[in-house]
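here's my sequence, what's the structure:
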Amino acid sequence: MLDSLMFVFKDQYIELTTAIPKSASLYGLGETTLSTGLLLPRDGRKLTLWNRDKPAADPDQNLYSSHPFYLQVNADGSSHGVLLLNSNGMDVMLGETSLTYKIIGGLVDLYFFMGPSPEAVIRQYHQVIGASVMPPYWALGLHQSKWGYANISVLESVVANYSAAGLPLESLWVDIEYMASRFKTMTFDPVRYPAAKMRQFVAKLHAAGQSWVPIVDPAVSVDATFKAYSDGTRDKIWMRDHKGKTYVGQVWPGMAVYPDYLHPNMSSWLTKQLAAFHAEVPFDGLWLDMSEPSNFCTGLNCRLDPKNDTAKFWLQVDTPHDYKIAEMRLITNRTTCQMACEAAPTSNTLAHPPYVINNVNVTGTPEPLGQNILSPTAKHYDNTTEYNAHNLYGFAMAQQHYTAAVNVTGRRPFLLTRATFPGAGRFTGHWTGDNGGNWENLWFSIAGNWENLWFSIAGVLNTNMWGMAMAGADICGFADMTQDNVAEPPDRFLSDHDYEQLCNRWTSAGAFYPFSRNHMIIYGRAHEFYRWPSVTATAKKAYGLRYRLLSYLYSSLALVAAKGGTLARPLLFSDPSDLRARVNVALVAANGGTLAHPLQFSDPSDLTAGHATSQWMLGEGLLERDCSMDAGNATAQWMLGEGLLVSPVITPNTTTIRPYFTAGNWYSAWDFKRLRVPTGRPVQLAAPVGDIPVTTSLPNVTRDVRWQPVTLVVALPAEPSPKRAARAQVNAGPLPPHILDAPCAEVHLKNPGRLVSCGFLYADNDTVTTSINNTLQVWFTAVTAQGGRSGSISSLVLANAPPAKGRVSIEAINILGVPGTAADVPNVSVYAKGQKAQSSYDAGSGVLRIRGLKLDAGAQLNVDWRLRKA
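Here you go, the predicted model:
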C-alpha cells in the first residue's frame with residue numbers, strides 16, 4: 001500500500017517508492033548487462049547506477065554509464081516514462097509491485113512522460129534531455145578496430161586484406177598503441193606510428209573515401225616536458241583533491257592527472273590540444289575511452305613512492321616499440337596500482353557514505369565507492385565534489401570534445417564514448433564496452449562468446465532509449481573467452497570451429513547495429529571479417545544489404561535528431577498491446593528450436609531505400625538468418641527504424657529459428673515475399689550459416705553510394721487506416737509506422753478504410769548545422785484501395801536546397817503485397833514532364849515494379865497505378 005511507504009530526504013540519503021502494477025513491463029535503468037536481457041527483473045534485486053570501468057561481459061553489475069530513466073508498458077499497451085534527474089550514486093530496487101530509489105544525495109527532480117505509446121514516451125523524454133546528434137554519413141559504414149595494431153604497416157595490411165576480400169571498409173579505429181612513450185594521449189609514437197608516415201597513410205585513406213578515428217583518454221601524463229600537461233597546469237584545469245592539491249591517479253600513462261571538464265578554461269585548453277593533434281594527422285572522429293573516469297589506483301590522492309624501485313620502473317617504463325604480445329603482458333603491470341595512495345578513513349562520509357550502494361565486484365563483494373575511479377572526494381574548480389558530479393564526468397568530456405572538434409575541423413564530428421548520462425546523445429554515440437566473444441554477450445549487446453552475442457542486443461536497444469541512436473557492440477566480441485572464464489589472462493575459449501560459427505552469426509547481427517564495428521583485444525584471436533571464407537561470405541551478404549539501406553538509415557536518423565526517438569527499438573514498440581512481443585526468456589539449448597532471423601520490413605510503410613541496385617522492403621525478411629532465439633523471446637529481435645525487423649541467430653548449432661512477428665504483413669528483405677500474420681505469433685524459418693551474397697559486388701565506402709539513385713519500396717499493410725489512426729491507439733493492435741509524424745498521421749486521417757504507407761527521405765552534406773536551407777527533406781505517402789489493386793503515390797517536399805538539390809533521383813518503385821494472377825497487367829501513370837515508365841507484375845511474389853524512372857527526388861511526385869485483368 002502506498003500509504004505505508006516512506007519518503008526519506010536527508011543530506012546523503014533519499015528514499016522514494018512508487019507503485020508498479022504487477023502486470024506492467026519495465027525497461028531502461030542502467031547501465032547494466034542484465035542476465036535477463038532487455039526486460040527489467042521484478043525479483044527485488046538492486047540495479048546500481050554509479051559509473052565505473054567494469055567489463056560489459058560481467059552481467060548484473062553497474063557498468064560505465066548511469067541512466068535513471070524507466071519506461072513502463074502496461075498490460076493494455078499504454079505507456080509512460082519516469083526520469084529521476086539525479087547524478088548521485090543510487091540503487092533502484094524492483095519488486096513485483098513497487099520500485100524504490102535509494103540515493104546517496106542530490107535532489108528529487110522528477111519528470112513524467114505520458115506517451116501513450118512507448119515510442120511517444122521516448123520522444124517526449126528526448127525533448128527534455130536532447131535528441132540524438134546527427135552523425136556524419138560515413139559513420140553508417142563498416143568500421144574496423146583492434147587494441148593491438150602494432151604499427152602502420154599492420155594498418156596497411158588490414159586495408160589491403162579488406163579490399164582483396166571484396167568487403168567494404170569505411171574507417172580504421174586505432175587504440176592506445178598509436179600513442180608515444182607511456183601512452184600519452186594525442187601523441188604519436190616515433191617508431192610504431194611516426195606522425196609523418198601516419199599522415200601519409202591517412203591521406204591515402206581520405207583519397208579512397210575512408211576515415212580514421214583515434215582513441216583519446218582523459219588522463220594526462222604527469223610529465224613537465226609534455227605540452228598538454230604543462231599547458232593544463234598553467235591553465236589550472238586539473239581536478240583537485242580534498243586538500244585543494246592537484247589530484248594524481250594512475251592510468252595508462254602511469255602517473256596522471258584528470259582534466260576538469262566543467263572548468264571555464266577547459267574549452268580553450270582542449271581546443272588547443274586537439275588542434276595540434278589534428279595538424280599532425282587529421283582525424284575524422286574521436287573515440288573517448290576511460291571516461292568514467294577510470295583509475296588503476298584507489299585513494300584520496302596518490303604519489304610516487306621513491307623507495308619502491310619496482311613500482312617506479314613500471315610507472316616510468318616506455319611502451320615496447322615493437323608492441324609484441326609477450327612484452328605487452330608485462331606492461332599490463334601498469335594496470336595494477338604502483339603508487340602510494342592515501343586511504344580514506346571510515347569517518348570520511350564522501351568516501352564512505354551512510355548508505356552503501358551495491359557497487360560490488362564480480363564475486364559479489366562490496367567495493368568502496370571510490371574503487372578504481374577518480375576519488376569521490378576530488379573537487380572541481382567550483383568545489384563541486386565528484387561525490388555529486390562523478391556520473392557527469394563522461395557526459396562533460398563528450399560535450400567538450402564535440403565542441404572542440406567542431407571548432408578544429410569545421411565539420412560535423414562523430415564521437416563514440418563509453419561513460420554517459422542523460423543528454424550525452426546530443427554529442428556522442430555509445431558502444432557497450434568490453435564484451436566477450438561468446439553467445440551470451442551477443443544477446444546482451446543487442447542489449448566473444450555466444451553469451452556476449454546475446455547480451456549485445458539489450459545494450460543497443462537500451463542505449464537508443466537513453467538518447468544515443470548510434471549504438472553498437474564489438475562484433476565477434478572484444479575479449480576472446482567463454483562466459484564462464486574467470487582467469488586473467490583468459491584460459492577458457494571457444495574452439496576454432498565454434499569461434500568461426502559465432503563470428504558468422506555475430507556478423508549477420510552486427511551488420512544491423514546502428515553503429516557497426518568489429519573490435520578485439522590484443523591477446524585474443526584475430527577476427528576481422530576476412531579471416532574466414534565463410535565469414536567473408538556472410539559479411540558480403542549482410543553489409544551488401546546494409547549499404548543498400550543507407551538512405552533509409554540516414555533518413556531515419558534525421559527524424560531521430562529532429563524529433564527524438566529511437567533508431568533501434570524493441571519489437572514491442574510496433575504493437576504495445578501484444579504481450580508476447582515483450583516476452584523475455586532464457587536462451588534455449590544450443591540445438592533447440594528457435595526462431596530465425598531474417599531481416600524484414602514492417603507492416604505498412606513506404607521507405608526510401610538504397611540505390612538503383614540496392615532495394616529494401618518493409619515486411620517479413622529484413623533479419624539475417626544468423627540469429628536464433630526461443631520462440632517466445634521477442635526481446636532478442638529489434639526494429640531498425642519504423643520499417644525493418646531484425647531477428648538474428650544467437651545460439652550455436654542452430655539451423656532453424658522461430659522469430660516472433662506482430663500482426664500485419666511482413667515482407668522478406670531478400671526476395672520481397674509476403675508473410676501474412678493475422679495475429680502475433682512465432683514463425684519457423686530456415687537459418688543456414690553464411691549463405692551466398694545477394695550482390696556480386698559491394699561499394700567500398702559510403703561515399704560511393706551516397707548520391708546514387710534510390711528505389712522507393714511501398715509495403716502494403718494488412719489493415720486499412722482506422723478513423724482514429726492518428727491518435728496512435730496503443731490497445732488497438734499494431735501501430736502504423738510513422739504514426740507519430742504529422743505528414744503521415746494526416747494522410748491516415750484523410751483516408752480511413754484505405755491502405756496507407758509512409759516514408760521519409762533526407763539528404764545533406766554533413767554540415768554542422770542543418771535547416772531547410774541546406775537539406776533535402778521529402779515525405780512520401782502511398783494510398784491504396786483496400787483490395788490492394790490500385791492506388792497513388794505522392795510526395796510532400798519540405799526542403800530542397802543545395803548541396804543535395806538535384807543530386808538525388810528516384811529510378812524505381814516497388815509495390816509489395818499486390819494480389820493478382822499471372823494474367824493481370826499493370827497500368828501506371830507518372831505525372832512528370834517527358835517521363836515514361838516501364839512496369840511489370842510478378843504474381844508469384846506479389847510485387848508490382850515500376851522502372852525506367854528519372855525523377856528528381858526534390859520535385860513533386862505523383863504516380864497512379866492499377867492492376868487490371870488482361
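
any low-confidence regions in the stretch 501-650 of the chain?
Where the stretch 501-650 of the chain drops to pLDDT under 70, the residues are 584-634.

swap that for the stretch 101-250 of the chain, sorry
By pLDDT under 70, the stretch 101-250 of the chain has no low-scoring segment.

which residues touch Pro118?
Leu71, Val73, Ser79, Arg569, Pro570, Leu572, Phe573, Pro576 (C-beta atoms under 8 Å, 6 or more residues apart in numbering). Heads up, the C-betas are built off the backbone N, CA and C, glycines and all.

quick check: mean pLDDT of stretch 337-354?
Taken as a whole, stretch 337-354 has a mean pLDDT of 96.

and what of stretch 68-80?
Mean per-residue pLDDT for stretch 68-80: 97.

gap between the two ends of it?
End-to-end distance of stretch 68-80 (C-alpha to C-alpha, to the nearest Å): 14 Å.

return the distance of that stretch from the chain's centre.
The chain centroid and the centroid of stretch 68-80 are separated by 22 Å under C-alpha atoms, centre = their mean, to the nearest Å.

may I see the buried residues of that stretch?
Buried residues in stretch 68-80, counted by 16 or more other C-beta atoms under 10 Å: Pro68, Phe69, Tyr70, Leu71, Gln72, Val73, Asn74, Gly77, Ser78, Ser79, His80.

output these as a markdown table; include the columns distance to His352 and secondary structure.
Conversion of the buried residues of stretch 68-80 to a markdown table gives the following (distance: C-beta to C-beta, whole Å; DSSP: H, G, I helix; E, B strand; the rest coil):
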| residue | distance to His352 | secondary structure |
| --- | --- | --- |
| Pro68 | 23 | strand |
| Phe69 | 28 | strand |
| Tyr70 | 29 | strand |
| Leu71 | 34 | strand |
| Gln72 | 34 | strand |
| Val73 | 39 | strand |
| Asn74 | 40 | coil |
| Gly77 | 45 | coil |
| Ser78 | 43 | coil |
| Ser79 | 40 | strand |
| His80 | 37 | strand |
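
in these, find the pair that's most separated.
Pro68 and Gly77 (24.3 Å; C-beta to C-beta).

burial of Gly28, as a residue count?
Counted with other C-beta atoms under 10 Å, the neighbours of Gly28 add up to 23.

nearest spatial neighbour of it, skipping sequence neighbours?
Spatially, and ignoring its direct neighbours in sequence, Gly28 is nearest to Tyr70 (4.2 Å; C-beta to C-beta, 6 or more residues apart in numbering).

now the one you found: how far from Leu392?
As judged by C-beta to C-beta, to the nearest Å, Tyr70 and Leu392 stand 20 Å apart.

helices of the stretch 201-350 of the chain, start to end?
With DSSP state H, counting those that start in this stretch as the criterion, the stretch 201-350 of the chain has helices at 227-235, 266-280, 309-316, 325-331.

okay, the residue lying closest to Pro722 once chain neighbours are set aside: pLDDT?
Taking C-beta to C-beta, 6+ apart, and ignoring the residues beside it in sequence, Pro722 has Pro752 as its nearest neighbour in space, at 6.5 Å. Here the pLDDT value assigned to Pro752 is 94.

any idea which element Pro752 lies in?
Counting by DSSP states H and E, there is no helix or strand that carries Pro752.

I'd say it and Pro720 touch.
Yes - counting by C-beta atoms under 8 Å, Pro752 touches Pro720, with 7.2 Å between them.

compare the two (neighbour count), which wins?
The residue with more neighbours, out of Pro752 and Pro720 and counting by other C-beta under 10 Å, is Pro720; that gives 17 against 13.
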